[in-house]
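J.: okay, predicted coordinates and the sequence, questions at the end:
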Amino acid sequence: MRALYTVLFLIMSNTFMTFAWYGHLKFKDMKIFGNYRINKHNIY
């Protein structure tokens with residue numbers, strides 16, 4: 001049963017990451033978190 005959970009989790013995570021990857025390519029101009037980028041200058 002544990003192996004089944006592992007396989008199902010891998011399938012679900014792979015599907016999610018595929019949609020996330022293609023979504024970020026398609027909606028590259030939609031920057032929701034663009035103002036909240038962390039770089040070396042604004043880390044306190």
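T.: Ah, there it is.
J.: from here on, just use CA atoms for contacts and neighbour counts.
T.: Fine.
J.: give me the residues contacting the helix or strand harbouring Tyr5.
T.: Assigned by DSSP states H and E, Tyr5 belongs to helix 2-26. Counting contacts by C-alpha atoms under 8 Å, 6 or more residues apart in numbering, no residue outside helix 2-26 touches it.
J.: list the buried ones in that helix?
T.: Judged by neighbour count (16 or more other C-alpha atoms under 10 Å), helix 2-26 contains no buried residues.
J.: any idea how far Ser13 lies from Thr6?
T.: In this view, Ser13 and Thr6 are 11 Å apart by C-alpha to C-alpha, to the nearest Å.
J.: before we move on, what about Thr15?
T.: 14 Å.
J.: residues near Met1, how many?
T.: By other C-alpha atoms under 10 Å, 5 other residues sit near Met1.
J.: list the contacts of it.
T.: Counted by C-alpha under 8 Å, 6+ apart, Met1 has zero contacts.
J.: any idea of the pLDDT on it?
T.: Per-residue confidence (pLDDT) for Met1: 92.
J.: how far away is it from Val7?
T.: Following C-alpha to C-alpha, the distance that separates Met1 from Val7 is 10 Å.
J.: which stretches of this protein have low pLDDT?
T.: Applying pLDDT under 70 to the chain flags residues 29-44.
J.: how about a cut-off of 80?
T.: Confidence mapping of the chain against pLDDT under 80 gives the ranges 24, 26-44.
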